[in-house]
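Participant: What shape does this take:
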Amino acid sequence: MKHREALIIIVLLFVLNIFSWSFFLSLRQGNMEVIFFDVGQGDAILIKTPQHHHILIDGGPGNIVLEKLGQELPFFYNSLDLVILTHPHDDHVAGLLEVVERYEVKDILCTGVLENTNVSRRWSEVIEEKGYRQARAGKRISANDFHIDILYPAEDLKGEHVKDLNEVSVVSRLVFKDDSFLFMGDAYAKQEAEVISFAEDCRDEEWCSLFTLDSDVLKIGHHGSRTSTSEEFLYFVSPNVGVIMAGRDNRYGHPHKEVLEILESYGIIIKRTDKDGDIRIVSEG
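Facilitator: Next comes the predicted model:
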């Protein structure tokens with residue numbers, strides 16, 4: 001009899017847990033959430049849309065991303081709609097190897113560029129097995145409640161080796177109604193200038209008529225390194241908030257003082273994972 005009562009209690013707790021998650025999700029209905037995870041010296045960004053799409057940009061340097069996803073997604077969610085890899089440096093791709101083991105990933109978007117490290121080679125095996133869509137400037141990913149534009153790189157990099165992976169980092173822009181987020185990966189100032197040129201020279205009337213670099217939130221390039229975030233670029237993007245993803249007391253000195261001073265001079269609100277931990281931005285559109 002006691003065993004039966006215990007079983008009933010467990011079932012009731014399970015049902016209540018489901019209802020609590022349903023209630024939580026109903027509260028979130030209509031809002032877009034972008035969570036910049038504190039994964040140390042690396043990038044991992046989760047996008048949660050009003051219609052419950054879940055998109056992960058990069059995975060950080062280790063398996064801490066699994067803990068972060070577990071905190072953000074209901075226990076019965078075992079899939080991600082889209083994973084975007086900006087470039088296969090370990091601090092962006094290592095965690096994704098853990099993610100594809102734990103979650104059913106419905107779609108992968110990356111350049112297909114190669115890197116001669118153990119982690120990158122394992123990633124190449126993953127995308128060869130699961131398949132992927134190539135990230136190139138001009139591609140738009142659309143759903144009913146949002147779209148993501150790929151702004152860089154322009155060239156076909158599938159199977160290619162490059163000297164510096166940061167120079168071919170995927171740049172993407174998320175648009176939800178009137179709100180927008182620009183994700184720079186580890187792109188340098190040189191790539192920022194090329195993104196500006198792409199925006200100015202875009203010739204596809206149907207696509208370009210809806211496109212602008214102006215964004216409310218800017219994920220600062222390359223962890224706040226002085227190699228990125230030029231004043232010209234900030235002028236074109238004109239963000240209200242700049243998010244810097246860097247590890248505490250990292251050996252690179254990120255973010256650099258010069259970048260912080262430039263952001264402050266433009267009146268941009270600065271949020272940092274090394275100071276603020278996980279950064280959640282909720283948009284009503």
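Participant: Quick check: closest non-adjacent residue to residue 247.
Facilitator: If the residues on either side of it in the chain are set aside, residue 247 comes closest to residue 41, at 3.2 Å by CB to CB, 6 or more residues apart in numbering. C-betas here are computed from N, CA, C, even on glycine.
Participant: Just the pLDDT at the one you found, thanks.
Facilitator: As predicted, residue 41 sits at a pLDDT of 97.
Participant: from what I can see residue 240 touches residue 271, true?
Facilitator: No - at 10.9 Å, residue 240 and residue 271 do not qualify as touching, with contact defined as CB atoms under 8 Å.
Participant: hang on, the earlier thing: distance check, the residue nearest to residue 247 against residue 257.
Facilitator: Residue 41 sits 18 Å away from residue 257, going by CB to CB, to the nearest Å.
Participant: who's more crowded, these two?
Facilitator: In this view residue 41 and residue 257 are compared by other CB atoms under 10 Å, and residue 41 has more residues nearby, 20 against 10.
Participant: which ones are touching the nearest residue to residue 264 once chain neighbours are set aside?
Facilitator: Leaving aside its sequence neighbours, residue 264 sits nearest to residue 270 (CB to CB, 6+ apart; 7.1 Å). Residues in contact with residue 270 (CB atoms under 8 Å, 6 or more residues apart in numbering) are 241-242, 244, 260, 263-264.
Participant: Which of these fall in strands?
Facilitator: In strands, defined here by DSSP state E, the members of the contacts of residue 270 are 241-242, 244.
Participant: Please dump these into a markdown table; it should also carry distance to residue 164 and neighbour count for every row.
Facilitator: Below are these laid out as a markdown table (distance: CB to CB, whole Å; neighbours: other CB atoms under 10 Å):
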| residue | distance to residue 164 | neighbour count |
| --- | --- | --- |
| 241 | 28 | 17 |
| 242 | 23 | 25 |
| 244 | 21 | 27 |
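Participant: and which of those is nearest to residue 54?
Facilitator: Comparing the ones in strands among the contacts of residue 270 against residue 54 with CB to CB places residue 241 closest, at 22.1 Å.
Participant: which residues does that closest one bridge with?
Facilitator: Beta-bridge partners recorded for residue 241 (DSSP bridges): residue 217, residue 269.
Participant: Quick one, grab the pLDDT at it.
Facilitator: 98.
Participant: What are the neighbouring residues in contact with it?
Facilitator: By CB under 8 Å, 6+ apart, the contact list for residue 241 reads 216-218, 268-271, 281.
Participant: Report the buried members of the residues you listed.
Facilitator: Buried subset of those (neighbour count, 16 or more other CB atoms under 10 Å): 216-218, 268, 270-271, 281.
Participant: Can you tell me which of these is closest to residue 124?
Facilitator: Nearest to residue 124 among these is residue 218, at 30.1 Å by CB to CB.
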